[in-house]
Structure formats: structure tokens, C-alpha cells
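> Okay, predicted coordinates and the sequence, questions at the end:
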Amino acid sequence: MAAVLEIRVKAHKAKVLANVFPGWQSLNNYSWAVNGRVWIVWDPNYYQITHIRSTPQSIHCLVNGNNGTLVCFITVIYASNSIEQRKDLWAELSSIEQIVDKRWLIVGDFNAVLYPNDRVYGAPISLAETQDFSNCIHKLQLNEVPWKGDYYTWSNKQLRTDRICSRIDRVFGNLDWMMTWGHNIVLSWTKLQKYGKNIWAPGTMANIWAKLRALRQVLKDLNKEEFKSITTKINPARQELLQIQEQINQQCTDELLCKEKQILLDIEKWSLVEESALRQKSRAKWIQLGDCNNKYFTVMIKERTNKKITRELTSLRGTKLDTPEAIKEEVVKFYKALMGSNTTSLPAVDRKTMKKGPTISYEQGVALCGDVVDEEIWKALTSSLFLQEDLEYHQR
């Protein structure tokens with residue numbers, strides 16, 4: 001089964017399918033879009049596909065495997081370049097979701113970015129570009145299916161600063177799909193052909209268990225070839241980056257800037273791979289040794305406990321404190337000085353003593369509480385000695 005997007009083939013020339021996919025059946029949306037936008041082709045020996053609905057930007061269908069193991073909805077999308085026209089697509093997905101009661105896969109070219117880092121170079125991504133797409137994904141509770149390959153799936157094929165790369169092709173699955181097949185890791189077909197073609201050949205294994213067991217060593221070999229000595233790939237890249245940056249400092253050119261960006265992307269990629277490998281190793285070790293009350297488990301708990309203990313503290317006077325009592329006393333003193341201490345009484349003005357001195361009348365108190373008017377401001381300003389001298393100078 002395959003989907004072809006942006007075909008640019010007129011309806012009366014669609015018979016070319018018979019030559020490209022002999023014996024296969026097909027669906028298209030010529031009735032909705034000029035020259036069509038989407039083809040779905042499949043081999044009837046393996047699948048039976050029921051057409052549900054077509055729109056100018058999508059085709060919805062129900063897929064049944066002839067062996068009975070595959071039953072799911074699939075939506076193939078080739079979205080419009082216009083934000084307004086894509087709103088019809090988001091509404092269509094919300095509508096079709098009402099009748100979906102099985103695993104659902106949504107795949108295609110959405111012609112829209114979803115996250116701020118989905119475009120490099122070019123104009124910055126705005127909220128208007130991502131809002132409708134993001135709202136649709138959250139409303140339908142879709143999850144992106146794991147993938148392996150280049151992050152940016154489209155570019156304008158220009159050079160240097162005119163080049164723009166975006167991620168607009170995506171695959172999403174609903175909850176039922178992710179619970180069934182969401183954990184699968186997609187490997188390159190060329191790699192599997194190279195390493196595992198003999199394992200999956202018909203008739204070589206009697207059952208799935210035996211095939212998976214044989215595939216284990218194949219995947220180990222693949223892992224060694226692709227991910228062994230990751231550090232040896234990162235260190236030379238960093239050295240090359242330093243050399244290029246030194247050359248940029250001496251004489252900056254577009255070619256050097258392009259090389260710098262590419263090396264930074266390579267370093268980031270291999271750093272993430274290295275981090276992921278270390279995480280997997282640590283999890284595997286914990287699963288193997290940390291799930292029971294053995295020595296490894298006890299050591300790990302003790303190490304985590306020790307990280308939470310303050311074993312040494314330097315006081316405000318510069319003295320090093322290494323006993324729990326001294327550290328506790330110093331912390332209490334610090335916060336007492338910072339926050340102050342409690343008291344049974346606070347000093348205050350004695351009103352009786354104040355009344356014995358000069359006081360203002362009630363009318364004067366009311367006047368003090370009144371609003372300040374412009375005349376009072378002018379009077380206060382002109383009463384200043386310096387301002388008076390300045391006014392007299394200007395009057396002269």
C-alpha cells in the first residue's frame with residue numbers, strides 16, 4: 001500500500017497507474033481537486049480498502065488486511081498552502097473523527113508547521129501559522145508516530161542565506177493506534193535488507209518467536225555499526241568546528257558559515273544520540289539490578305541520600321563548620337538575623353506626650369487631607385530661591 005501526493009497528473013492520464021503499479025487498485029480525489037492531489041494505491045492480494053470520504057485536501061479510507069490482523073482507518077493528506085483553506089481541513093478531521101471507532105493513522109503533507117523550531121532560515125514562525133494545526137491535534141488527542149530520518153522534510157533548494165528548510169510532513173495516530181503500534185521503531189528498509197533479508201525469507205523460521213530471536217543478533221550488529229564509538233564522531237566534529245570558527249574570525253565567508261551550521265547540527269545530533277544511549281544503558285542496569293533489595297539497590301539509595309545532606313558550611317565570619325550541630329546553629333542564626341526576632345512589645349509614639357506640644361487644629365488637618373491644586377504647586381515652586389533668581393534673570 002502506498003500514497004502519492006502532489007501528483008500533477010491530469011485525470012485522463014491517470015491510466016499511467018496501470019503501468020507503474022500493475023495489478024493494483026487505486027483511489028484518488030480528482031472529483032474534488034483539479035488534476036488531483038492524492039493517490040492511494042494497494043495490492044488487493046494483501047489489502048481490501050473501503051473508500052469513506054474524499055475532500056480537496058484528503059482521502060479517508062478503511063483498511064482491512066486479508067490475513068485479518070490489520071483493521072484501521074487511514075487518512076492521507078495533502079494540505080493547501082493557504083491558512084484559510086487549511087481551516088476546512090481541520091474541520092474535516094474533526095468531523096471524520098466522530099465516526100472513527102478503530103485505530104486511525106493520519107499521514108501526509110500538512111503544509112503547516114507545528115512547533116517554533118520547524119523552520120530554519122526564512123521568516124520566523126508566528127503563532128498564526130501553528131495555532132489552528134496545534135488546536136486540531138490537541139482536540140483530536142493525536143500523537144506523532146516515531147520516525148527516523150531528516151527532521152526537515154522540505155526545502156526550497158536554494159543556496160546559502162536564501163535556503164529555507166521546514167518540517168511539514170508528519171504522521172499521527174490516535175490512542176488506539178499508539179497503544180497497538182505506537183511503540184514500534186521504524187528502521188531504514190535498506191538497512192534491514194542488508195542485515196535481515198535471510199531471517200524474514202519465507203519458510204526459514206517456523207514461528208514468530210524464532211524469527212525475533214534470530215533478529216536479535218541482527219539488530220545488535222546494526223546498533224554496533226550505526227552507534228558504536230559515538231564519542232569518536234563527536235570529538236573530531238568539535239575540533240573541526242574550532243578550526244572553522246578560527247577561520248571565520250580571520251575572514252568570514254558564506255561557505256564557512258554554511259560549514260559551521262552543518263557541523264553544529266551534526267554535533268547536536270550525535271550528542272542527542274549519545275545521551276539517549278546512556279539513558280537506555282542506565283535504565284537497563286536499573287531494571288536488571290535495582291528492582292530488588294540487593295547491594296546495588298542499597299548503594300544507589302545511600303548515594304541519593306548523601307546528595308541531600310549538607311556536610312560542610314562556611315559561616316559569615318569565614319569559619320568552616322563540619323558538625324551537624326554547628327551547621328544547624330549557623331543556619332538558625334542567619335535566618336533570625338534576616339527575618340528578625342519576636343518581641344512582646346514594640347516601641348510606639350506616646351500620644352499623651354505628643355498632645356502636650358504644639359498641635360494643628362481640626363480645620364488644618366482637613367486642609368492637609370485635601371487635593372493639591374495648581375496654585376499650591378506654583379507657590380511652592382516660586383518660593384525656591386534658585387527659581388526666583390532664574391525668573392528675575394529672564395524678566396530682565
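Received, thanks. Numbers count the residues shown, from 1 in each chain.

> For Ile77, pull up the helix or strand it's in.
Counting by DSSP states H and E, the element that carries Ile77 is strand 71-78.

> Tell me the buried residues in that strand?
72-78 (16 or more other CB atoms under 10 Å). No exception for glycine: its C-beta is placed from N, CA and C like everyone else's.

> how is the protein carved up into domains?
Per automatic domain parsing, the structural domains of the chain span 2-186, 231-289, 292-336.

> Just tell me which of the ones you listed ends up closest to Lys352.
The minimum distance between Lys352 and the domains of the chain falls on domain 292-336, with 34.6 Å, by CB to CB.

> how many neighbours does the nearest residue to Ala11 once chain neighbours are set aside have?
Distance criterion CB to CB, 6 or more residues apart in numbering; nearest residue to Ala11, sequence neighbours excluded, is Tyr30 at 4.5 Å. Applying other CB atoms under 10 Å, we find 18 residues neighbouring Tyr30.

> Give me whichever of the domains of the chain is most buried.
domain 2-186 (a mean of 15; mean count of other CB atoms under 10 Å).

> Please give the centre-to-centre distance between it and its chain.
Computed by CA atoms, centre = their mean, to the nearest Å, the chain-centroid distance of domain 2-186 equals 21 Å.

> which strands and helices sit next to the strand holding Ile77?
strand 2-5, strand 38-42, strand 58-65, helix 83-96, strand 103-109 (3 or more CB pairs under 8 Å, 6 or more residues apart in numbering; DSSP states H and E).

> Spit out the contact partners of the residue lying closest to Gln25 once chain neighbours are set aside.
Excluding the flanking residues, the one nearest Gln25 by CB to CB, 6+ apart is Pro44, at 5.5 Å. The contact partners of Pro44, taken as CB atoms under 8 Å, 6 or more residues apart in numbering, are 23-25.

> sorry, back to before: residues contacting the strand holding Ile77, please?
Contact with strand 71-78 is made by 3, 5-6, 37-38, 40, 52, 57-65, 89, 93, 96, 100, 102-111, 177, as judged by CB under 8 Å, 6+ apart.

> next one: stretch 17-31
Contacts for stretch 17-31 (CB under 8 Å, 6+ apart): 2, 11, 14, 36-44, 49, 51, 54-56, 58-59, 61.

> Let me know the average pLDDT across that stretch.
Averaging pLDDT along stretch 17-31 gives 83.

> now swap in stretch 165-173 and tell me
Stretch 165-173 shows an average pLDDT of 90 in the prediction.

> pLDDT weak spots in the stretch 251-396 of the chain?
By pLDDT under 70, the weakly predicted segments of the stretch 251-396 of the chain are 278-308, 341-344, 346, 384-396.

> quick one: the strands in it?
Remark: strands assigned in the stretch 251-396 of the chain by DSSP state E, counting those that start in this stretch are 313-314, 320-321.

> Thank you kindly, that will do.
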